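*Asks:* show me the folded form of this:
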Amino acid sequence: MMLYFSTMDKKIFLYFFSGTGNTLWVSRQFAGEMAKHKFETELLPLPAPAPVDLPEAAILAIAFPVYAQTAPPFICEWMRNLPETRKNTPVILISTLAGFSGLVKGPFRHMLEKKGYRPLAVSEFIMPPNYFHKYDEPKNEAIRESAKIAIADFAKAIAEGRATWPSRPSILDPMQFLAEKMFKHGGSSWLGRGFKADGKCTRCGLCMKLCPVKSIVPDAEGRP
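*Replies:* From the prediction side, this is the model:
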């Protein structure tokens, strides 16, 4: 069924977490593309309190990088803490990754439906890998250019009511929980706290040069 939006439905509250900058970059691109279709998008960095009382016709959007085939543990917890609603609030889910995921689209759809939300659209965008600096800048730029096209197509599909959120069997829910627990034991307690160089930093600027999305910047003393 085609879903079209009235002028009252065009405010998107996009909550995002970005580790090395890929998801922030995608979130900004998405907001820019939605603006072309007369949608206003407010970017809200995570961690932040879950929205308790969104406007009646608001659209909730959530964006995060994929770790261990699913969302970072504190994002999973944040989504579990979303308040139940009777408003049938539409939700857009965006994830960034370098390869593939198996525990995002289906499990989070079921989670949101149980709370009274309406899964509206989901998309995963390939971005430069950040576990290792795998490619040179021309290759990273080519990846970003492909992502720009995919984001534009996704935004247009949402505006025209063609966006979808494929469902998978809820049997994947326990697998998501297992993956999240395994990742926690790998040491994810630092997620969401940000990073700052310590006194051992030589201020060589190499990390800033290598960051594929240019998200590392110097402070007043020149440390990243």
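
*Asks:* give me the element Met111 is part of.
*Replies:* Using DSSP states H and E, Met111 maps to helix 105-114.

*Asks:* given the helix or strand following that helix, what are its sheet partners and their directions?
*Replies:* For helix 105-114, the following helix or strand on the C-terminal side (DSSP H and E) is strand 118-126. Using DSSP bridges, the strands paired with strand 118-126 in its sheet are strand 90-97 (parallel).

*Asks:* how near is the residue nearest to Ala58 when sequence neighbours are not counted to Gly19?
*Replies:* Distance criterion Cβ to Cβ, 6 or more residues apart in numbering; nearest residue to Ala58, sequence neighbours excluded, is Lys11 at 5.3 Å. Where you see a C-beta, it was placed from the backbone N, CA and C, and this is true even at glycine. Distance, Lys11 to Gly19, by Cβ to Cβ, to the nearest Å: 27 Å.

*Asks:* ok so, going back, spit out the contact partners of the residue nearest to Ala58.
*Replies:* Contacts of Lys11 were listed using Cβ atoms under 8 Å, 6 or more residues apart in numbering, and they are 39-40, 42, 55, 57-59.

*Asks:* now do 10 Å
*Replies:* 39-42, 54-55, 57-59 (Cβ atoms under 10 Å, 6 or more residues apart in numbering).

*Asks:* now those: which count as buried?
*Replies:* Applying 16 or more other Cβ atoms under 10 Å to these, the neighbour count classes 39, 41, 58-59 as buried.

*Asks:* these in strands, which ones?
*Replies:* If you go by DSSP state E, the buried ones among the contacts of Lys11 have 41, 59 in strands.

*Asks:* coming back round to it: what packs against the helix holding Met111?
*Replies:* strand 59-65, helix 73-80, strand 90-97, strand 118-126, helix 172-185 (3 or more Cβ pairs under 10 Å, 6 or more residues apart in numbering; DSSP states H and E).
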